[in-house]
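K.L.:
Model the structure of this input:
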Amino acid sequence: MSEPVIIRIGKKGITNSLLNELKEVLKKRKIVKVKLLRNFRETYEIDRWKVADLLSKKLGAKVVEIRGFTIILRQTKERVSTPLKDRNRKFQQ
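P.N.:
Numbering: from 1, shown residues only. Next up is the predicted model:
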């Protein structure tokens with residue numbers, strides 16, 4: 001398995017272009033590491049757990065692990081609901 005792509009979040013914070021880039025990386029690679037740089041942490045003073053939760057909700061991804069100021073995200077499997085063919089069929093005795 002190849003190494004995950006590393007995306008850094010700096011003083012500009014979480015922008016739409018950053019979210020779009022993360023979505024594209026998750027589509028292609030399925031896993032991404034997001035590093036919270038010191039500029040981001042000092043500028044926004046937000047807890048890393050809240051950032052991880054925000055990113056997972058915005059991207060529809062799962063937080064695999066948080067190591068220090070690095071968040072590892074994995075793409076969730078898209079579940080397609082398939083209708084049951086015999087759902088309306090009555091039980092026969």
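K.L.:
On the pLDDT front, check the closest residue in space to residue 60 that isn't next to it in sequence for me.
P.N.:
Spatially, and ignoring its direct neighbours in sequence, residue 60 is nearest to residue 76 (6.0 Å; CB to CB, 6 or more residues apart in numbering). Backbone N, C-alpha and C define where each C-beta goes, glycine included. Here, the pLDDT recorded for residue 76 equals 87.
K.L.:
tally of neighbours for residue 76?
P.N.:
13 (other CB atoms under 10 Å).
K.L.:
partners of the helix or strand hosting residue 33 in the sheet?
P.N.:
For residue 33, the host element (DSSP states H and E) is strand 31-36. With DSSP bridges as the test, strand 31-36 is paired with strand 5-9 (parallel), strand 70-75 (antiparallel).
K.L.:
quick one, what contacts the residue nearest to residue 60?
P.N.:
By CB atoms under 8 Å, 6 or more residues apart in numbering, the contact set of residue 76 is 60-62.
K.L.:
pull the longest helix from this structure.
P.N.:
For the chain, the helix reaching the highest residue count under DSSP state H is reported as helix 16-29.
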